[in-house]
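Peer 1: Here is a sequence together with a model predicted from it:
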Amino acid sequence: MKIIKYSFWIFYRIWFYTLVATPIILMFPFFFISVLKEKWYPHFFKLARIWAKFTLIGMGCYWSIKKSESLVKGQSYVFVANHTSMTDIMLMLVAIKDNPFVFIGKKELAKIPIFGFFYKRTSILVDRSSAKSRKAVFIRAQKRIKDGASICIFPEGGVPDESVILDRFKAGAFRLAINHKIPLVPMTFFDNKQRLSFTFFSGSPGKMRVRVFPAITTKQLTIEETSALSTKVYDLIKNSLIADSNA
């Protein structure tokens with residue numbers, strides 16, 4: 001029985017990487033053209049959503065997105081969610097349709113073949129060990145926001161240990177939202193850890209539920225209230241995860 005389980009997990013992971021690469025290869029000319037100019041990013045975003053849906057459906061996953069309110073089309077937001085899985089990027093792309101966003105993520109992902117080529121051309125990369133790099137992130141984010149894009153950050157700053165429900169948040173996402181006076185949208189991913197966590201021998205097809213909380217306005221907030229905003233969002237997401245696990 002264990003051999004069957006481990007064989008399935010190995011196949012499932014290889015199948016995941018195959019699904020990630022296939023649409024990028026097939027649509028490479030379109031992806032490539034869409035990243036030649038930053039103003040063409042909305043076209044890349046549409047292609048990325050096709051890629052995300054193809055990957056998740058191919059894995060046997062289906063999603064359910066619960067929104068407390070509709071997002072304003074064309075409005076810039078800062079999107080934040082818990083980070084538990086290799087599928088978080090795909091699910092975020094599926095969940096947000098009319099507000100093209102740019103990921104802020106660790107520079108190490110740019111080393112992934114094929115995926116990394118486009119990742120480093122469309123995302124804002126950060127070296128968390130470098131203060132200079134973190135400062136540059138805010139400058140690049142400011143430019144993208146002025147161009148009408150939204151920003152997506154996983155505020156835990158990495159994927160926590162499997163036993164951790166929700167790791168402590170870094171301040172960057174909340175400082176960014178306050179500095180630029182744009183709404184911040186908390187989101188909870190409930191099932192991604194079961195679908196495909198960073199533990200190699202794990203994963204299975206199934207549901208992927210998302211809860212999109214109402215946008216939190218930051219227009220009246222000062223930079224001194226960054227910690228309070230971070231705590232508010234942390235409690236919101238963590239409490240929803242605990243309530244779901246106890247349901």
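Peer 2: The structure has been received and is ready for your questions.
Peer 1: what sits against the residue nearest the centre of the chain?
Peer 2: Nearest residue to the geometric centre of the chain (C-alpha atoms, centre = their mean): residue 89, 4.2 Å. Going by C-beta atoms under 8 Å, 6 or more residues apart in numbering, residue 89 touches 52, 103. For the C-beta atoms, the positions are set from N, CA and C on the backbone; glycine is no exception.
Peer 1: Also the one 10 residues further on?
Peer 2: Residue 99 makes contact with 71-77, 150, according to C-beta under 8 Å, 6+ apart.
Peer 1: repeat that with 6 Å
Peer 2: 71, 77, 150 (C-beta atoms under 6 Å, 6 or more residues apart in numbering).
Peer 1: In PyMOL, how would I select the buried members of those residues?
Peer 2: In PyMOL, this line selects whichever of those come out buried by 16 or more other C-beta atoms under 10 Å:
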select buried, resi 71+77+150
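Peer 1: Show the pLDDT at residue 155.
Peer 2: Looking at residue 155, its pLDDT is 94.
Peer 1: Could you do residue 129 as well?
Peer 2: Looking at residue 129, the pLDDT reads 65.
Peer 1: what about the longest helix anywhere in the chain, distance to the chain center?
Peer 2: When the chain is parsed with DSSP state H, its longest helix is helix 2-26. How far helix 2-26 lies from its chain's middle: 21 Å, per C-alpha atoms, centre = their mean, to the nearest Å.
Peer 1: What of stretch 76-92?
Peer 2: 2 Å.
Peer 1: ok, now stretch 145-160?
Peer 2: Worked out by C-alpha atoms, centre = their mean, stretch 145-160 lies 7 Å from the chain centre.
Peer 1: And for stretch 74-82, what's in contact with it?
Peer 2: With C-beta under 6 Å, 6+ apart as the criterion, stretch 74-82 contacts 99, 101, 145, 150-153, 155, 166, 173, 176-177, 182-187, 189, 237.
Peer 1: At which residues are the strands of the chain located?
Peer 2: 61-67, 78-81, 101-106, 124-126, 150-153, 184-189, 206-212 (DSSP state E).
Peer 1: quick one: strands adjacent to the fourth one?
Peer 2: It refers to strand 124-126. The pairing partners recorded for strand 124-126 under DSSP bridges are strand 101-106 (parallel).
Peer 1: tell me the angle the partner strand makes with strand 184-189.
Peer 2: 70 degrees (axes from the mean of the first three to the mean of the last three C-alpha atoms, to 10 degrees).
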